[in-house]
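Trainee: predicted coordinates and the sequence they were generated for:
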Amino acid sequence: MVINMLYTVDEIIDNIVVLENRDNLEMIKVNKNILPKDIHEGSVLEYKDNIYINRYDIENNKRKELIERFKNLRSE
């Protein structure tokens, strides 16, 4: 059975990237050169078949959700 893990880029420090596991909130550090080139803090990555893949769809949905929450807070 293959388990795909989702991570959020928490911090980028030189060539080290801190990733937060989206299921258990565990933090891991990985070398930046094994990640997609266009990552940034907040990027969502899927670890699948021993590689990290950008998940723009999840990142964009999360961004939209946060914008809606902010709008709702301002309207209260």
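Mentor: In hand now; what should we look at?
Trainee: and E11, what are its bridge partners?
Mentor: V18 (DSSP bridges).
Trainee: how many neighbours does it have?
Mentor: Close neighbours of E11, defined as other Cβ atoms under 10 Å, add up to 12. The way it works is simple: take the backbone N, C-alpha and C, and place the C-beta from them, glycine included.
Trainee: contacts only, for it.
Mentor: Contacts for E11 (Cβ atoms under 8 Å, 6 or more residues apart in numbering) come out as 17-18, 41.
Trainee: please enumerate the strands of the protein.
Mentor: With DSSP state E as the definition, the chain shows strands at residue ranges 5-13, 16-21, 27-31, 44-48, 51-54.
Trainee: and of the ones you listed, who's closest to E65?
Mentor: strand 44-48 (12.5 Å; Cβ to Cβ).
Trainee: what comes up buried for the closest one?
Mentor: 44-47 (16 or more other Cβ atoms under 10 Å).
Trainee: pick the one among these closest to N24.
Mentor: For the buried residues of strand 44-48, the nearest to N24 is Y47 (13.4 Å; Cβ to Cβ).
Trainee: against R74, how distant is that closest one?
Mentor: 36 Å (Cβ to Cβ, to the nearest Å).
Trainee: just to revisit the earlier point, and which of the contacts of E11 is nearest D10?
Mentor: Relative to D10, the closest of these is V18; by Cβ to Cβ it sits at 4.5 Å.
Trainee: these two touch, right, the closest one and I28?
Mentor: Yes: counting by Cβ atoms under 8 Å, V18 touches I28, with 7.4 Å between them.
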